[in-house]
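Student: Whatever this is, show me its structure:
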Amino acid sequence: MKALIGANGMGLETYLDELRTEFPDVEFVHEPSRENLATALADADIYMGWINREIFTQAKNLKWIQSPSSGANYYVAIPELVASDVLLTSAVGTHSACLADSVFAMLLSFTRGIRQFILRQQKHEWSLRELRNTLCELTNQTIGLIGFGSVGRATARRAQAFDMRILAVDAYPGVKPDYVEALMGLDGLPKLLAESDVVVVTVPYTKDTDHMIGAEQFAQMKDGAYLIVISRGGIVDEEAMIAALHSGKLAGAASDVFAQEPLPEDSPLWDEPTLLITPHAAGGTQYEGAHVMEIFKENLAKFLKGELPLRNQVNKELGW
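Tutor: Residues are numbered from 1 along each chain as shown. Just a heads-up that it's a prediction; the model follows:
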């Protein structure tokens, strides 16, 4: 049994000695070069890393792929993988806390004027009179969470600490925490949009969530609301978002994810003054590698015993 760890920025290869001690019957290999990945995967049973269609179709021995990412959309875009018996597991839960932290960093950059203060600092401007009266606190403001999985729930816990009113929708709502006022199915989206001062998009990207938030949904939102997109690009219609910013329907928006990444140099999004852009970096955390490895080791133990489903096993047809 051979398990390959591919190129990654999380230091997953630093756990090789630990893995070899815990699973002595498995051969563990690290291939840091993407150019050599196809050759290294030729006889691998297990792979942890990113993969494209060309390389997957050459990996004839693969039985299970562990994604280091919370999202699975890049993998389920490979039709041969979806149609195969190869198991796919994600790192859902790994990035919940850091993404939720980023949601509030983005929101506070608007509500507490941080973004504007930084811009004024570069100009050596003391902007007390200009900006002090534009600041607001989050107490009693309504936050609407589109998606109530691990990221949505982590965001809700932080919103509770800010004494916010919390609404949420999800395709599979699950159990509602006491501090959440309403947890609805997706049919509750119009209510959420109409009542929320800030709307946070945390749903995964699938064929059902593609352009889920467009002109119709922006029209349903409160005037002067904020939008934060933290899960995947393609869920929000970016042209409709620009229009909502220009009209004042949105007081501001922040996005870590985009339909095309890296964001092209000529994208009009770069020059939107009330849009905060981060480069799909919100998943960064000092604990990332440890969290991913915890999932991998749990799954490896189950895989070797033939115990299914694995943790975070992806329904490849649904895409999550």
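
Student: list the contacts for Gln66?
Tutor: Applying C-beta atoms under 8 Å, 6 or more residues apart in numbering to Gln66 gives the contacts 46-48, 89, 91, 295-296, 299. For every residue, glycine as well, the C-beta is placed using N, CA and C.

Student: Got phi/psi on the nearest residue to it once chain neighbours are set aside?
Tutor: Nearest residue to Gln66 in three dimensions, chain neighbours excluded: Met48, at 4.3 Å (C-beta to C-beta, 6 or more residues apart in numbering). Note on Met48: its backbone torsions stand at phi -120, psi 110 [degrees, to the nearest 10].

Student: what separates Met48 from Met241, distance-wise?
Tutor: 35 Å (C-beta to C-beta, to the nearest Å).

Student: Looking at the two, which is more packed in?
Tutor: Neighbours were counted for Met48 and for Met241 using other C-beta atoms under 10 Å; Met48 has more, 27 against 23.

Student: Specify the beta-bridge partners of the more buried one.
Tutor: Note on Met48: beta-bridge partners Ile5, Gln66, judged by DSSP bridges.

Student: Which stretches in the stretch 201-320 of the chain count as strands?
Tutor: Taking DSSP state E, counting those that start in this stretch as the test, the strands found in the stretch 201-320 of the chain are 225-229, 250-255, 275-277.

Student: Next, format these as JSON lines and append distance to Gly188.
Tutor: Below are the strands of the stretch 201-320 of the chain laid out as JSON lines (distance: least, C-beta to C-beta, whole Å):
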{"stretch": "strand 225-229", "distance to Gly188": "17"}
{"stretch": "strand 250-255", "distance to Gly188": "21"}
{"stretch": "strand 275-277", "distance to Gly188": "27"}
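
Student: Would you point to the one among these that's packed deepest?
Tutor: Across the strands of the stretch 201-320 of the chain, averaging neighbours per residue (mean count of other C-beta atoms under 10 Å) puts strand 225-229 on top, at a mean of 25.

Student: just how off-centre is it within its chain?
Tutor: Distance of strand 225-229 from the chain centroid (C-alpha atoms, centre = their mean, to the nearest Å) equals 15 Å.

Student: Starting from it, tell me which strands it pairs with and how they run.
Tutor: strand 198-201 (parallel), strand 250-255 (parallel).

Student: Let me see the ranges of the helices in the stretch 101-250 of the chain.
Tutor: Here the stretch 101-250 of the chain has its helices, by DSSP state H, counting those that start in this stretch, at 114-122, 128-131, 150-161, 189-195, 215-220, 238-247.

Student: how about the ones you listed, which one is nearest Gly71?
Tutor: helix 150-161 (10.7 Å; C-beta to C-beta).
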